[in-house]
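Asks: Quick one: sequence and predicted model below, then my questions.
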Amino acid sequence: MIARRYYITGIVQGVGFRYFVKRKADLYGIAGWVRNLPDGRVEVFAQGDPEVLNEFEKELWKGPSLARVDNIESHEESPSLNTHIFEIRFW
């Protein structure tokens, strides 16, 4: 298992992006969380098998229909032993 943190820029707030990410994470069996950042980006922490996270990242680039993804920064992280589900964070 590996973990990655993503910072997504573009038109990604106010378009259902967090809910899209949660649906995709649940579909792929990924644990972690997603939240909006004050600067307009969306932050995602995701952990799972490397192949699954690669497919998940492809979905992040697509986003929901009203979104426009301009860039995704991806950073390797240490997996969290306390993270077993995927949730939307509102802080």
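Replies: Received it, and whenever you're ready, just let me know what you need. Computed from a predicted structure; not experimentally measured.
Asks: For the residue of the chain positioned farthest from its centre, which three-state class applies?
Replies: Here the chain reaches farthest from its C-alpha mean at L81, the gap being 18.1 Å by CA atoms, centre = their mean. When classified by DSSP: H, G, I helix; E, B strand; the rest coil, L81 comes out as coil.
Asks: my read: K62 touches V69, true?
Replies: Yes: using CB atoms under 8 Å, K62 and V69 qualify as a contacting pair, with a distance of 7.5 Å. No exception for glycine: its C-beta is placed from N, CA and C like everyone else's.
Asks: Looking at those two, which is more packed in?
Replies: Neighbour count, other CB atoms under 10 Å: between K62 and V69, V69 has more, with 16 against 11.
Asks: Tell me the buried residues in the helix or strand where the more buried one lies?
Replies: Assigned by DSSP states H and E, V69 belongs to strand 68-77. By neighbour count, with 16 or more other CB atoms under 10 Å as the criterion, the buried positions of strand 68-77 are V69, I72.
Asks: show me what contacts E87?
Replies: Contact analysis of E87 by CB atoms under 8 Å, 6 or more residues apart in numbering lists K22, G32, W33, V34.
Asks: For those residues, pick the one with the most neighbours.
Replies: Counting neighbours by other CB under 10 Å, the one among those with the most is G32, which has 27 neighbours.
Asks: Quick check, that residue in contact with A46.
Replies: Yes: taking contacts as CB under 8 Å, G32 lies within contact range of A46: 4.2 Å.
Asks: between those two, what contacts are shared?
Replies: Common contacts of G32 and A46, defined by CB under 8 Å, 6+ apart, comprise A3, A25, F86.
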